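Trainee: Provided below are the primary sequence and the corresponding predicted coordinates.
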Amino acid sequence: MMKRENEIDAESRYREFLPESRRVVVKIGTRVIEQKSGCPDLQSIKRLVKQVAELHRQGYEIMMVSSGAIGAGVDALGMKKRPTLVPDLQMCAAVGQARLMAQYEQLFLEEGIIIGQVLLTHSDFLHRLRFANAKRTMEHMLRHGVIPIINENDVVADEEVKASLSLGDNDYLAALLVKLVRADLLVILSTVDGVLDADGKRVSCIENINQAFKLVNRDAADGGLSKGGMASKLRAAQIAVRCGCVTVIAEGRAKNVLADAVAGRDVGTLILGSAI
């Protein structure tokens, strides 16, 4: 019993430092902001926008990595399910990205905040000049109080839409963004309340990322509109923690989840960053 109490005390101390984070990357999964049909869930988007806006007013530098463009395009084009051919996926991305950003822009303007769209591909992180340009642009946006909303450029990224170099529902993209901007905290919002143990109970804190992988048998994709899965999120967390960035994986539809995560409350699974 005493050991368990000590573990709880340690977890609480770890979370006490989260409010001191200044630069936060928030990754929003497809199913967090969309209905099963692919139609955007406006109420869910509104809740997240209000939380991001409040953190922004508190002085946090927030960058959003938002999935959902392809799903929104599927709905707009009247498709019954997500297509599998690359040209169809790119068409859905082109249509859906405009719809998704229009909603974000309207909601953030109501909060008095300007947003900017940033579309990236896998190659932007491999070429030194493009990497530097992306970093400079992002830093400039943050200095001017603009919230960057980042997504994979599915419209032109043929190989990224395919499985071989897919950024995996933007989990991998969020991790690469952490490295790009040297973020302090990565919050991955999903449809599950963090990493679950063998009994299906939430694991509050993980000190070693390898422990988390042992809890996940296989990366079973959710199917349907999203491409993620817990193993995809853990791989993203692995990249982030190696950069010294703390990661929280939490239920994106839970009330005030983002605000609670940044405030250091016991939500989701906290994965500690490596000492650097």
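Mentor: Looks like it arrived, so ask away. Because the structure is a prediction, the values reported are computed rather than measured.
Trainee: wait, is L129 part of a strand?
Mentor: No. Assessed with DSSP: H, G, I helix; E, B strand; the rest coil, L129 is helix; it does not lie in a strand.
Trainee: any chance you could map the helices in the stretch 151-276 of the chain?
Mentor: Secondary structure of the stretch 151-276 of the chain by DSSP state H, counting those that start in this stretch: the helices cover 158-161, 171-181, 209-215, 230-242, 257-263.
Trainee: Wait, S274 touches A240, no?
Mentor: No. Applying Cβ atoms under 8 Å as the test, S274 and A240 come out as separate, 9.6 Å apart. Backbone N, C-alpha and C define where each C-beta goes, glycine included.
Trainee: The two - which one has more neighbours?
Mentor: A direct count of neighbours by other Cβ atoms under 10 Å for S274 and A240 places A240 higher, at 27 against 13.
Trainee: Against S232, how distant is that one?
Mentor: Separation of A240 from S232 (Cβ to Cβ, to the nearest Å): 13 Å.
Trainee: worst-scoring helix or strand of the chain, pLDDT-wise?
Mentor: helix 158-161 (a mean of 50; mean pLDDT, DSSP states H and E).
Trainee: returning to what we had before: adding distance to T137, write the helices of the stretch 151-276 of the chain out as CSV.
Mentor: What follows is the helices of the stretch 151-276 of the chain, written out as CSV (distance: least, Cβ to Cβ, whole Å):
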stretch, distance to T137
helix 158-161, 20
helix 171-181, 10
helix 209-215, 30
helix 230-242, 21
helix 257-263, 24
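Trainee: what's the most buried one of these?
Mentor: Greatest average neighbour count among the helices of the stretch 151-276 of the chain goes to helix 171-181 (a mean of 25), per mean count of other Cβ atoms under 10 Å.
Trainee: relative orientation of it and helix 230-242 in degrees?
Mentor: For helix 171-181 against helix 230-242, the angle by axes from the mean of the first three to the mean of the last three Cα atoms, to 10 degrees is 10 degrees.
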